[in-house]
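Student: Got a sequence here, can you model it:
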Amino acid sequence: MANNAFQERISVRFRRLLSGDPNGVPPWLEVIAATDEPGLFTPDDAPWVVHADFGTLVGGIRALLMQALHPGTLRGVAEHSRYQEDALGRLAGTIRWLTVTTFGSHTAIANEAHRVNRLHTRVTGDYQTNQGASKPYRAADPDLLLWVHIAFMESFLVCHEWYAWRPIPGGADAYILQWSRSVKPLGLETAPMSRTELNGQIARILAEDTLRVDDRTRDVIKFIQYPPLPPVAKAIYHLLFDAAVVSLEPEFRVLLGLKSAPRWLVQPLTRFTLRTIRWAIGPESPIEDAGRQRLIRIGAWSEPENRR
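Tutor: Got it, this is the predicted structure:
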């Protein structure tokens with residue numbers, strides 16, 4: 001089903017905001033459509049379903065809040081990125097990795113991982129632990145890669161369960177197991193393979209007293225809460241931020257110093273808002289369609305009869 005004229009106008013504006021492209025055409029669209037080979041996932045897999053849904057709009061905010069709690073991750077962002085001067089540019093870079101890895105071919109995924117790994121080689125320094133010691137870090141350190149992976153994966157999963165409407169094929173364990181493949185090209189060989197393992201890793205990190213909040217953390221949290229967005233997007237973003245906060249585990253909210261609005265209010269309002277955005281943008285999704293058409297072209301997947 002194609003977008004109508006109104007939906008196409010809204011869709012272009014939405015894609016322009018997320019991709020940074022003035023025409024609303026993400027530069028990585030051709031990357032996902034190219035090559036005659038499959039990727040890690042098909043439209044029937046859990047990561048494809050979760051990442052194609054608008055629950056990721058909330059999950060992305062939630063993941064950034066979680067990442068800010070690790071002093072190594074925080075230091076890397078604060079010292080080696082221009083997130084304050086080019087917040088949307090950094091967002092576009094993260095979206096590129098997520099979408100290419102979810103919807104792209106094996107070649108596209110390998111090339112994207114190479115791009116990210118090349119950027120990571122420059123991200124080094126040291127940070128202060130809760131015990132007062134100075135600890136060196138590299139963006140490619142397994143403990144930092146694991147925390148970033150956990151933050152994104154747990155946030156996308158929880159926000160899909162809270163705010164989305166499509167069931168996850170195979171449930172939460174299938175999503176965690178399948179998405180664990182995504183981080184091997186980045187150098188992380190061991191990742192949680194089930195919800196039990198995911199919860200165990202989070203409990204371990206909390207028990208190790210690794211996470212902390214200082215003045216720099218609070219500055220980043222404030223920036224995440226009040227980013228420089230166009231006026232029309234600010235009201236919606238504030239709701240999505242509230243939705244991210246209320247879905248956090250209580251331990252993380254306490255560390256972040258954030259209070260949540262009532263779940264009974266935020267959850268249905270967020271669901272309604274995301275459905276409205278989906279309706280306004282229309283059924284077309286150029287990125288997902290490009291990946292789907294590539295798989296159909298090479299015979300790696302066929303669209304169900306009821307969708308044709």
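
Student: in the stretch 201-308 of the chain, which spans are helices?
Tutor: Ranges of helices in the stretch 201-308 of the chain, per DSSP state H, counting those that start in this stretch, are 215-225, 231-247, 250-256, 263-281, 286-297.

Student: How about Phe252, nearest residue that isn't a chain neighbour?
Tutor: Distance criterion C-beta to C-beta, 6 or more residues apart in numbering; nearest residue to Phe252, sequence neighbours excluded, is Met66 at 6.2 Å. Every residue, glycine included, has its C-beta placed from N, CA and C.

Student: That neighbour is in what secondary structure piece?
Tutor: Following DSSP states H and E, one finds Met66 within helix 55-67.

Student: helix or strand right after that helix?
Tutor: Counting by DSSP H and E, the next helix or strand C-terminal to helix 55-67 is helix 71-80.

Student: neighbours around the closest residue in space to Trp147 that isn't next to it in sequence, how many?
Tutor: Leaving aside its sequence neighbours, Trp147 sits nearest to His70 (C-beta to C-beta, 6+ apart; 4.9 Å). When neighbours are counted by other C-beta atoms under 10 Å, His70 registers 24.

Student: Over to His70: give its phi and psi.
Tutor: Backbone torsions for His70, taken as degrees, to the nearest 10, come to phi -90, psi 120.

Student: same thing with Phe156?
Tutor: Torsion angles, degrees, to the nearest 10, at Phe156: phi -60, psi -40.

Student: what's near enough to touch it?
Tutor: Residues counted as contacts of Phe156 (C-beta atoms under 8 Å, 6 or more residues apart in numbering) are 50-51, 55-56, 59, 63.

Student: So which of those residues wins on neighbours?
Tutor: In terms of neighbours by other C-beta under 10 Å, those top out with Gly59 at 30 neighbours.

Student: contacting residues around that one?
Tutor: Contact analysis of Gly59 by C-beta under 8 Å, 6+ apart lists 152, 155-160, 244.

Student: Which of the residues you listed has the largest number of neighbours?
Tutor: Among the contacts of Gly59, the one with the most neighbours (other C-beta under 10 Å) is Ala244, at 30 neighbours.

Student: surely Tyr83 meets Ile224?
Tutor: No: Tyr83 is beyond contact range of Ile224, at 9.3 Å (criterion: C-beta atoms under 8 Å).

Student: Give the burial count for Ile298, as a bare number.
Tutor: Neighbours of Ile298 under the rule other C-beta under 10 Å: 13.

Student: Excluding covalently adjacent residues, which one is nearest to it?
Tutor: Asp36 (4.9 Å).

Student: For the helices of the stretch 201-308 of the chain, could you give me CSV that also reports distance to Thr196 and mean pLDDT?
Tutor: Formatted as CSV, these follow (distance: least, C-beta to C-beta, whole Å; pLDDT from 0 to 100):
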stretch, distance to Thr196, mean pLDDT
helix 215-225, 29, 93
helix 231-247, 20, 94
helix 250-256, 18, 97
helix 263-281, 24, 95
helix 286-297, 30, 96
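
Student: of all those, which lies closest to Leu146?
Tutor: For Leu146, the closest of these is helix 250-256, at 16.3 Å, according to C-beta to C-beta.

Student: other SSEs contacting that closest one?
Tutor: Contacts defined by 3 or more C-beta pairs under 8 Å, 6 or more residues apart in numbering; DSSP states H and E place helix 250-256 against helix 55-67.

Student: Near the closest residue to Ala2 other than its chain neighbours, how many other residues are there?
Tutor: Distance criterion C-beta to C-beta, 6+ apart; nearest residue to Ala2, sequence neighbours excluded, is Glu284 at 6.4 Å. Neighbour count of Glu284, defined by other C-beta under 10 Å: 13.

Student: Same check on Gly24?
Tutor: Neighbour count of Gly24, defined by other C-beta under 10 Å: 18.

Student: surely it meets Arg16?
Tutor: Yes: here Gly24 reaches Arg16: they are 4.1 Å apart, a contact under C-beta under 8 Å.

Student: Pull the contacting residues for the closest residue to Arg218 other than its chain neighbours.
Tutor: Ranked by C-beta to C-beta, 6+ apart and with sequence neighbours excluded, the top spatial neighbour of Arg218 is Gly257, at 7.3 Å. By C-beta under 8 Å, 6+ apart, the residues touching Gly257 are 213, 218, 221.

Student: Show me where the stretch 51-200 of the chain has its helices.
Tutor: 55-67, 71-80, 87-103, 106-120, 142-163, 171-179, 195-207.
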